[in-house]
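>>> Provide a 3D model corresponding to the input given below.
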Amino acid sequence: MKKLLTILAGIFLAVFTACSCGAEGAAVEEKALELGMGSVRFPAVNGMADAEVQALVNEQIRKDLHVDAYLDRLTALISDTQRSITVNWDGGILGDVFSCAMEAEGSVNPPRNSHVWTAGNIDLRDGHEISFGELFINEAEARDAIETYLLEEVAGELSAHLGNSGLTPLPETFRLERTGLTLLYDVKQLSTLSDRAGAVKIGWNEIRKITDWTGDGIPARIGAAEMVTLTADSAEQIRTTAESGQLPDIPVKIGDSVKEWTDQAGMLSDPDEYGGGRMFALEGAAFRGVYILSDAVSSRWDDSRVQGIWMDRGCVWGLCIGGTAAEEWHQLLGEPDHSAVFDAEAAEQYRTVPGTCDYYLYGDYRLQLQYGEDGILAGITLAE
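Numbering: from 1, shown residues only. Coordinates of the predicted model:
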């Protein structure tokens, strides 16, 4: 066994270093082990000025993400030609906080295959694990408010796309992003029709009143405040984001292969037609209220590219759907390059509300801000 562990240690490779700055130069490194038909990939933090705190952070990462248990399982399956596990992660450093989600698939909990979430949320100032309560003004009130939100706003939205559908009680596993809080469920409580453990993302704007926005609070420290509030800096952030062809915390980029994404993420439902082509609703917390847009040249989409990304919930650097008024972005961004009026028929065709769509041109892309007669932002589209 000692010889085997020595061999395994030599297989670990740091395959990339993320450009995640914060906490005195900290960065995230991926480590990977591939054996037989399986693999385990997990993050580690390096570059911190305080070596003792860095050691605490990495110890907590391994504990929270169950890294050692997955490595042991992978090793146990080294000669198995029928079973394997695949473990991947996503996340990084936000300010002086590390947050990531890890998903394990395959023969994780024998005898049957499964899908399991783990997550790590760690304060890089001292290495402690961030609790759910640290995110809110009052934890008990926050839990009640979020459970009510899930039952009133999410249950009906997702019910047709779930296997197990227990949105409450709240899971203890969660991930932080600038744009929102993602709840990660046990597969026995909440699962998709494809038998993957469920996850629900809630935008910070949707739980704004219960969130701790003080300067030393976790949401403020990860940059969530800038995502839900228009400031003098928002115009440049919006421009830079639009020019990138990608929206915050949505992994799809304009130009990507549609088929690769439908294969990787899975589809909530069959693609739907809209005025400009075809729209796809994908599985996964990152795609809640998000649709990828493409052509409808044929019944297949093997060669189709992502031509646009449309969201009907969430925020983009202070542009908050359901909250920001047109006069606010007009004042910040200036008059649009073009505006179009959507009557009821056109709105139905393009799956939006009757009203107006403002078009802002940024590099190769156009940012479309739709609003109804009330003047409140109803949808955001980034398109070619």
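
>>> make it CA atoms for all contacts and neighbour counts henceforth
Noted.

>>> Helices of the stretch 1-150 of the chain, residue ranges please.
2-11, 51-64, 67-76, 139-149 (DSSP state H, counting those that start in this stretch).

>>> how close does residue 323 sit to residue 333?
17 Å (CA to CA, to the nearest Å).

>>> my guess is residue 166 meets residue 192, correct?
No. The pair residue 166 / residue 192 is not scored as a contact, 11.3 Å apart, by CA atoms under 8 Å.

>>> and stretch 236-253, how far out from the chain's middle?
Centre-to-centre, stretch 236-253 and its host chain are 14 Å apart (CA atoms, centre = their mean, to the nearest Å).

>>> Which parts of that stretch count as buried, going by neighbours?
237, 238, 239, 241, 242, 243, 245, 246, 247, 248, 252, 253 (16 or more other CA atoms under 10 Å).

>>> Ok, stretch 265-275 next?
By neighbour count with 16+ other CA under 10 Å, stretch 265-275 contains the buried residues 266, 267, 268, 271, 273, 274.

>>> Who does residue 46 form a beta bridge with?
residue 27 (DSSP bridges).

>>> which ones are touching it?
26, 27, 28, 29, 54 (CA atoms under 8 Å, 6 or more residues apart in numbering).

>>> List the residues that contact the closest residue to residue 116 other than its chain neighbours.
Distances taken as CA to CA, 6 or more residues apart in numbering place residue 104 nearest to residue 116, at 5.1 Å, with adjacent residues excluded. Each residue near residue 104 by CA under 8 Å, 6+ apart is listed here: 85, 86, 87, 88, 114, 115, 116, 117.

>>> mind showing which ranges of the protein have poor pLDDT?
For the chain, the stretches with pLDDT under 70 are 1-22, 160-161, 163-164.

>>> what sits against the residue nearest the centre of it?
Closest residue to the average C-alpha location of the chain: residue 286 at 3.7 Å, with CA atoms, centre = their mean. Taking CA under 8 Å, 6+ apart, we find residue 286 in contact with 201, 249, 250, 251.

>>> List the contacts of residue 257.
Per CA under 8 Å, 6+ apart, neighbours of residue 257: 303, 304, 305, 306.

>>> does residue 252 sit in a helix, a strand or a coil?
What DSSP: H, G, I helix; E, B strand; the rest coil gives for residue 252 is coil.

>>> And it, how close does it get to residue 197?
21 Å.

>>> Ok, residue 73 next?
From residue 73 over to residue 197 (counting by CA to CA), the distance is 19 Å.

>>> tell me the contacts of the residue lying closest to residue 102 once chain neighbours are set aside?
Excluding the flanking residues, the one nearest residue 102 by CA to CA, 6+ apart is residue 89, at 4.1 Å. Residues counted as contacts of residue 89 (CA under 8 Å, 6+ apart) are 41, 42, 43, 100, 101, 102, 103.
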